[in-house]
Each structure stands twice: as structure tokens, then as C-alpha cells.
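1. Here is the input, now give the coordinates:
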Amino acid sequence: MNICVYGASSKTIDAQFTDTGHALGVLIAQHGYGLVFGGGDNGMMGAVACGTHDGGGRVIGIAPRFFNVDGVLYPHCDELIYTDTMRKRKQKMEDLSGAFIVTPGGIGTFEEFFEILTLKQLNQTKKPLVILNTAGYYDSMFAMMRHTADTNFMSEKTFDLIKIVDTPEQAIEYIEHYVEREVDVEELRQLK
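-> This next block holds a predicted model:
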């Protein structure tokens, strides 16, 4: 199985994040999984890819053609797949993956997370979705989501569709013990 990892491409993030990303990549490889990621050489993307590579795992990068410029793409992908658009990139990443881990990132990562969460909510995917909340990075996003549920713009049951963890080990453990379940879309429409 391949695990899709979403995360930042920033070169300037703190080492505590990239160190955790590297550790996640090593664990992915050690547990016999392949990595699917956005192809970037920097930030969380590069750290997870490097960790997977260092651990002897298969690394599949997926990037839009316009990212093919010096210094942007991870140079040690076992396979690098180009798409014409960002939308096609996300679809290919989803198609090739059996699970999703969201690491700290910016607006692109937020968008990827919410798209998969929406697909789970609509019963269009049953794959595990994990948030790796390194150093409490996503605490404010969870507070926003809590407010969304508290004000009846989202069902409380939506939180059951994701797993929030603090360590790479917890992320892999959740995926390995994940039990696929059918989502009751009507139940999710009931806000409480």
C-alpha cells in the first residue's frame, strides 16, 4: 500500500517539523509502505521523501508540469508522475494511495485535507485520514472546526472521520489498525 503524505514545501520552517517529517518517512519505509507525495524537494515534502528514501522505501512524486524547474522537485523519486493541472495532481495522489497523512503545511495542505475530509463525509472514500499535529501545529484549525460544529455549520460526527495524532508512530499505528466503515451521510446531516 502507498501512503499519501501532504505537507508544506517551505524552505524556512523550523527543524522540529522537518525532523518529524523525516522520521515519518523512515517509518513508512520500515513498515513496508510506499510514499505518494507532491514531488517537492523542500519543507515537509522533501523531509518525508528523504526519510522514506533513507529507509529503503518507494517514493512516488506527483507534480504538475509547471513545477519542473531547478530546485523544486525531489531528485530521488523512484517514479515521478507529471500532471497538467493541480486538480489532476490531487486526483492522481488520491488514486494511488490507500491512506492519507496530513503534516504541517500551508494553504495547499489545508485544501488537500479538507478535500479528503469532504470526500469521506460524502462517502466517496473510506481510506484513513490522519492529522500529524506536530508541536500542536493544527490546534487553531481544530478550534475553528470545533466552532463550526458548535454553531451548527458542521456535524459533530465529522470529527469521527479523522484521527489526530502527535507522533509519526501513532499515525502509522492508526493506519495499520484502521477499520473501514460505511459513513451514514444522513446521520452527518444531523448537526448534533
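2. For residue 71, list the residues it contacts.
-> Listed by C-beta atoms under 8 Å, 6 or more residues apart in numbering, the contact set of residue 71 reads residue 41. All C-beta spots, glycine's among them, are computed from the backbone N, C-alpha and C.
3. Number the chain from 21, please
-> All set: I'll call the first residue 21, so the last point we hit is now residue 91.
4. gap between it and residue 132?
-> From residue 91 over to residue 132 the distance is 22 Å, taken as C-beta to C-beta, to the nearest Å.
5. Also residue 93?
-> Note on residue 93: its distance to residue 132, by C-beta to C-beta, is 18 Å.
6. quick one: residue 167 is in a strand?
-> No - Residue 167: not assigned to a strand; according to DSSP: H, G, I helix; E, B strand; the rest coil it is helix.
7. Next, count neighbours for it.
-> 11 (other C-beta atoms under 10 Å).
8. cool, residue 112 as well?
-> Per other C-beta under 10 Å, the neighbour tally for residue 112 reads 18.
9. likewise residue 184?
-> Neighbourhood size, residue 184 [other C-beta under 10 Å]: 16.
10. next one: residue 142
-> Counted with other C-beta under 10 Å, residue 142 comes out at 11.
11. How about residue 131?
-> Neighbour tally, residue 131, other C-beta under 10 Å: 14.
12. In three-state terms, label it for me.
-> helix.
13. Identify the bridge partners of residue 184.
-> Beta-bridge pairing for residue 184 (DSSP bridges): residue 151.
14. Now do it against residue 150, distance only.
-> 8 Å.
15. Residue 136 too?
-> 10 Å.
16. overlap in contacts of these two?
-> residue 120.
17. In three-state terms, label residue 56 for me.
-> strand.
18. same thing with residue 173?
-> coil.
19. Can you pull the phi/psi pair for it?
-> Recorded main-chain torsions at residue 173 are phi -100, psi -10, according to degrees, to the nearest 10.
20. Please apply the same query to residue 116.
-> According to degrees, to the nearest 10, residue 116 has phi -90, psi 0.
21. In contact with it, which residues?
-> For residue 116, the contact set (C-beta under 8 Å, 6+ apart) comprises 22, 24, 56, 80, 82.
22. Point out where this protein drops to low pLDDT.
-> Within the chain, the segments meeting pLDDT under 70 span 205, 208-212.
23. now the strands: where do they sit in it?
-> Taking DSSP state E as the test, the strands found in the chain are 22-26, 54-57, 79-84, 99-103, 119-122, 149-152, 183-185.
24. possible to save the ones you listed as a markdown table with distance to residue 161?
-> Shown next, in a markdown table, are the strands of the chain (distance: least, C-beta to C-beta, whole Å):
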| stretch | distance to residue 161 |
| --- | --- |
| strand 22-26 | 13 |
| strand 54-57 | 21 |
| strand 79-84 | 24 |
| strand 99-103 | 27 |
| strand 119-122 | 10 |
| strand 149-152 | 9 |
| strand 183-185 | 10 |
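25. closest one to residue 142 among these?
-> strand 149-152 (13.2 Å; C-beta to C-beta).
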